[in-house]
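Asks: Predicted coordinates and the sequence they were generated for:
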Amino acid sequence: MPVTTMNGREVHVNDEGFLTEYDEWDEDLAKVLAANIGIELTDDHWKVIRFLREDFKAQGETATTRRVQSVGGISTKDQFALFPKKPAKKMSYIAGLPKPHGCV
Amino acid sequence: MTSDTTTPPAIVPNFDDEDQEGRKLAIICSKGNLDMAYPGLILANAALGEGVETHLFFTFWGFDMIIKSRMHDLKFSPAGNTAMHLPMGGMRMPQALAPLPGVQPMATKMLKDQIADLGVPEVPDFLDQIVAAGGHLWACRMSADMNKVDETDLRDDVDGIINASDFIELTNGAQLLFI
């Protein structure tokens, strides 16, 4: 696993750059990750990110966009507006989680 | 110029691949059985989640997916489907039993439960999600005429009823799937 330096410290990432260690993430790092892909985090973004973090802790896997809507209560439309084009990947990247495995 | 070791640049995923730019997918949904409704919806949803412009074209039996009075009630029949296995022991369902009364409702309920267990929405909800994600729904002119239905009978978010030539024009440069 590659190690990269972000926000002044070393973090473990996979070949694509997704964090691989749940506990190496914090909210300051999320801002850096978001900036890496051209997103400035607003309160609405944080709502999604915090849901993803909590849900991963409980479920052991990253929520799909469907689950972010049905359980997290953030509509599909809003997800696409907040994380344009590729919401599932962008949300999980910023939340320091793996890409979702589910199809839907 | 310093000779000390510099920090390597952070590995950042490339979410905006140029080769994906302008990619377009069109899926022709021609089946109205519950099991055959899903492949197109799942792929459309996945394509939209990857930033691909996606069009669904409903034709023939696939029309039932967008007719308001029918879309909530798609069925699954094991008749003619030799890959249907019983929930216990994985035994094949004997084809002689498939047409018996009660088998189709039972099989439909089983399939719906299995799909719901995976957190996958029912067909009308799934289409809502696809439209919310920016997908386009098109209805086939000939199927509308055959079924004697017009826009008022279809989901309100159907972009339009179009003919075969319109579809060919619309899908210029698109990747095509026929289901």
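Replies: Nice, I can see it.
Asks: can you list the weak-confidence ranges in chain A?
Replies: For chain A, no stretch has pLDDT under 70.
Asks: Quick check: residues of chain A near chain B?
Replies: When proximity is defined by Cβ under 8 Å from any Cβ of the partner chain, chain A lies next to chain B at A:2, A:4-6, A:13, A:15-18, A:36-37, A:64-67, A:69-70, A:75-77, A:80, A:84-90, A:93, A:102-104. Yep, even glycine has a C-beta here, placed from its N, CA and C like the rest.
Asks: Only the buried subset of these, as a PyMOL command please.
Replies: Here is the PyMOL command that picks out the buried ones among these, judged by 16 or more other Cβ atoms under 10 Å in any protein chain shown:
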select buried, chain A and resi 4+6+13+17+18+36+37+64+65+66+67+69+70+76+80+85+86+87+88+89+90+93+104
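Asks: now the helices: where do they sit in chain A?
Replies: For chain A, the helices defined by DSSP state H cover A:27-36, A:43-59, A:65-70, A:76-82, A:87-94.
Asks: What sits closest to the closest residue to chain A within chain B if chain neighbours are left out?
Replies: Nearest to chain A in chain B, going by Cβ to the nearest Cβ, is B:Gly51, at a distance of 3.3 Å. Leaving aside its sequence neighbours, B:Gly51 sits nearest to A:Lys85 (Cβ to Cβ, 6 or more residues apart in numbering or on different chains; 3.3 Å).
Asks: tell me the helices in chain B, going along the chain?
Replies: Per DSSP H, chain B carries helices over the ranges B:34-49, B:103-117, B:123-132, B:141-147, B:164-170.
Asks: Can you say which of these is nearest to B:Ile67?
Replies: Comparing the helices of chain B by their distance to B:Ile67 (Cβ to Cβ), the top pick is helix B:141-147, with 7.2 Å.
Asks: which regions of chain B sit below the pLDDT cut-off?
Replies: For chain B (pLDDT under 70), the answer is B:1-9, B:17-19.
Asks: before we move on, back to that, for the residue of chain B closest to chain A, what are its contacts?
Replies: B:Gly51 is in contact with A:Pro84, A:Lys85, A:Lys86, B:Gln20, B:Arg23, counting by Cβ atoms under 8 Å, 6 or more residues apart in numbering or on different chains.
Asks: what's the closest non-adjacent residue to B:Ile115?
Replies: Closest residue to B:Ile115 apart from its sequence neighbours, by Cβ to Cβ, 6+ apart: B:Tyr38 at 7.2 Å.
Asks: My error: substitute B:Ala139 in the last question.
Replies: Counting by Cβ to Cβ, 6+ apart, B:Ile161 is the residue found nearest to B:Ala139 once chain neighbours are left out, at 4.5 Å.
Asks: roughly how far apart are that neighbour and A:Glu27?
Replies: Distance from B:Ile161 to A:Glu27, counting by Cβ to Cβ, to the nearest Å: 50 Å.
Asks: neighbour-wise, which of those two wins?
Replies: The residue with more neighbours, out of B:Ile161 and A:Glu27, is B:Ile161; 19 against 11, by other Cβ atoms under 10 Å in any protein chain shown.
Asks: so who does the more buried one touch?
Replies: By Cβ under 8 Å, 6+ apart, the residues touching B:Ile161 are B:Trp138, B:Ala139, B:Cys140, B:Arg141, B:Ala144, B:Asp150, B:Glu151, B:Leu154.
Asks: I'd guessed the second one sits against B:Ile66; true?
Replies: Think B:Ala139. Yes: assessed by Cβ atoms under 8 Å, B:Ala139 is found in contact with B:Ile66 at 6.1 Å.
Asks: which residues do these two both contact?
Replies: Common neighbours of B:Ala139 and B:Ile66 (criterion: Cβ under 8 Å, 6+ apart): B:Phe58, B:Leu154, B:Val158.
Asks: could you dump the residues you listed to TSV with distance to A:Val48 and neighbour count?
Replies: Formatted as TSV, the shared contacts of B:Ala139 and B:Ile66 follow (distance: Cβ to Cβ, whole Å; neighbours: other Cβ atoms under 10 Å in any protein chain shown):
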residue	distance to A:Val48	neighbour count
B:Phe58	32	28
B:Leu154	33	20
B:Val158	30	19
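Asks: Pipe those residues into JSON lines and attach distance to B:Asn172 per row.
Replies: What follows is the shared contacts of B:Ala139 and B:Ile66, written out as JSON lines (distance: Cβ to Cβ, whole Å):
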{"residue": "B:Phe58", "distance to B:Asn172": "20"}
{"residue": "B:Leu154", "distance to B:Asn172": "24"}
{"residue": "B:Val158", "distance to B:Asn172": "21"}
